[in-house]
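K.L.:
Here is a sequence with its predicted model. Questions after.
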Amino acid sequence: MKILKLRLQNFQNFEDATFQFNPQFTVLIGDNGTGKSAITRGLCIAAGTFLLGLEEMTQTDKRYIRDEEIRRRFTEDNQPAQYPCAVEAWGELNGNKSLYWKRSVTSASSGTLTKDANSIIEIARNYNQRINYKDERGIDLPVITYFGTGRLWTGPKQTYSLKTGGSLLQKGYARSVDDKSDKVSPLEWIKSNYYQRLEGKTDGALYDAVIEAIGLTVPNWKPTGWSSVSDELVGIRTLPDGTQEENIPLYYLSDGLRIMAAMVAEIAWRCVTLNPHRRRNAVKATKGIILIDELDMHLHPDWQKNVVHDLKAAFPNIQFVATTHSPFIVQSLESSELINLDRITDISPQDLNIETIATEIMGVESPYSTASDQKYQTAKEYLKAIRGDASGKELEHSLRQVDDPALRAFLELNKMAQGK
């Protein structure tokens with residue numbers, strides 16, 4: 001599945017807006033409140049339409065337009081909801097290259113309608129029948145996952161059971177369009193498959209595919225296996241001086257690295273769960289759409305520079321749409337991979353330095369700190385006063401407000417040069 005165009009009508013802060021997406025990677029930038037997260041939620045509703053055709057999905061596994069997502073018109077004493085609220089999508093799925101579908105709410109009592117979404121729902125129903133009733137194998141299923149800002153890894157260390165069983169569709173899509181990620185199931189799967197491989201029950205092809213994806217995307221830490229001592233995925237950590245530490249548990253990594261590792265593990269786990277017939281190539285062959293709100297969350301700037309490249313390398317057939325506030329992520333993009341909600345630009349960010357990206361693309365007024373800008377404005381106003389009609393007494397008073405010794409000396413010299 002790929003979504004190439006999306007129209008939002010009366011959805012959150014958009015009255016009527018249309019967006020087009022790169023088939024592999026799109027990053028949304030803009031000031032707070034411009035609608036970056038709204039677009040990813042709209043995409044989540046559009047992509048989640050596929051789940052409506054799978055009979056095993058519970059209501060909590062499905063995604064509808066929520067009341068708070070319907071745009072309201074605010075007046076002095078009234079906040080009426082605006083109808084219709086609609087999410088329209090144009091995309092492709094497994095050879096169907098011109099799919100169109102629509103989800104909408106037309107009144108306060110209508111709920112989310114699906115009458116215009118049969119094109120994608122029927123494909124899902126067909127897959128459901130073939131897999132669960134005809135026991136067909138070899139059907140390529142799309143991975144669909146939404147990662148909201150609630151994916152932050154908090155709380156005490158988890159314990160992981162050796163769970164098995166469950167249907168392919170239910171395991172592969174459960175909680176996939178929730179606002180929070182599933183940190184437990186992927187690691188339970190990794191633990192189970194690690195021991196099954198040791199016992200000779202599997203050849204480890206799917207396990208290797210998942211471990212490779214994590215290794216490609218988590219900086220300075222390569223997973224090596226499951227530790228019975230720490231009951232955790234462990235790996236080799238490379239320190240800044242180049243030395244390496246072995247058997248470092250995932251839980252010991254920084255928040256940023258744990259978030260990235262958990263997110264990648266979930267994507268890879270869903271890939272191998274949905275498409276086990278692809279064996280060792282299951283992760284790289286799987287198609288689908290992944291939505292990530294605030295891709296840069298807790299990542300060091302050095303890692304932000306490489307995260308888009310690394311995700312492309314680990315999941316070459318998956319479409320990603322992400323939001324960010326990071327100029328380092330923006331700098332790693334081609335012009336076709338960027339949607340700027342503040343201003344239109346076709347400049348390739350890869351050709352610009354960070355300062356230019358911050359000021360010219362992301363709209364930061366100055367690349368300097370607020371304190372530095374205040375000093376600049378103070379000096380500028382003082383120099384104007386020296387060349388103007390200000391008296392020496394007035395200038396002396398203004399000079400006492402300058403607390404930077406070097407700047408004060410510079411201004412005093414200019415005052416003396418003007419004979420004031």
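P.N.:
In hand now; what should we look at?

K.L.:
any idea how far Ile25 lies from His277?
P.N.:
In this structure residue 25 is Phe, not Ile. Remark: distance between Phe25 and His277 (Cβ to Cβ, to the nearest Å) = 26 Å. (C-beta placed from N, C-alpha, C; glycine too.)

K.L.:
my guess is Glu136 is in a strand, correct?
P.N.:
No. Using DSSP: H, G, I helix; E, B strand; the rest coil, the assignment for Glu136 is coil, not a strand.

K.L.:
For the closest residue in space to it that isn't next to it in sequence, grab phi and psi.
P.N.:
Once flanking residues are discounted, Glu136 sits nearest to Arg130: 4.3 Å by Cβ to Cβ, 6 or more residues apart in numbering. Main-chain dihedrals, Arg130, degrees, to the nearest 10: phi -70, psi -40.

K.L.:
What residues of the host helix or strand of Thr18 count as buried?
P.N.:
Under the criterion of DSSP states H and E, Thr18 resides in strand 14-20. Neighbour counts over strand 14-20 (16 or more other Cβ atoms under 10 Å) mark 14, 17, 19 as buried.

K.L.:
Including distance to Leu168 and pLDDT, could those residues go into a markdown table?
P.N.:
Output for the buried residues of strand 14-20, formatted as a markdown table (distance: Cβ to Cβ, whole Å; pLDDT from 0 to 100):
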| residue | distance to Leu168 | pLDDT |
| --- | --- | --- |
| Phe14 | 36 | 97 |
| Ala17 | 37 | 97 |
| Phe19 | 33 | 97 |
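
K.L.:
Closest one of the residues you listed to Asn220?
P.N.:
Nearest to Asn220 among the buried residues of strand 14-20 is Phe19, at 35.2 Å by Cβ to Cβ.

K.L.:
distance of the closest residue in space to that closest one that isn't next to it in sequence from Glu294?
P.N.:
If the residues on either side of it in the chain are set aside, Phe19 comes closest to Leu6, at 5.1 Å by Cβ to Cβ, 6+ apart. Separation of Leu6 from Glu294 (Cβ to Cβ): 19 Å.

K.L.:
can you check Leu257 too?
P.N.:
Distance from Leu257 to Glu294, by Cβ to Cβ: 16 Å.

K.L.:
quick one, phi psi at the spatially most central residue of the chain?
P.N.:
Geometric centre of the chain, nearest residue: Ile292, 2.1 Å, by Cα atoms, centre = their mean. Main-chain torsions, Ile292, degrees, to the nearest 10: phi -130, psi 120.

K.L.:
which stretches of the chain form helices?
P.N.:
Under the criterion DSSP state H, helices of the chain are mapped to 36-48, 118-132, 168-173, 184-198, 205-217, 255-274, 282-285, 301-304, 307-314, 327-331, 354-356, 370-386, 392-399, 405-417.
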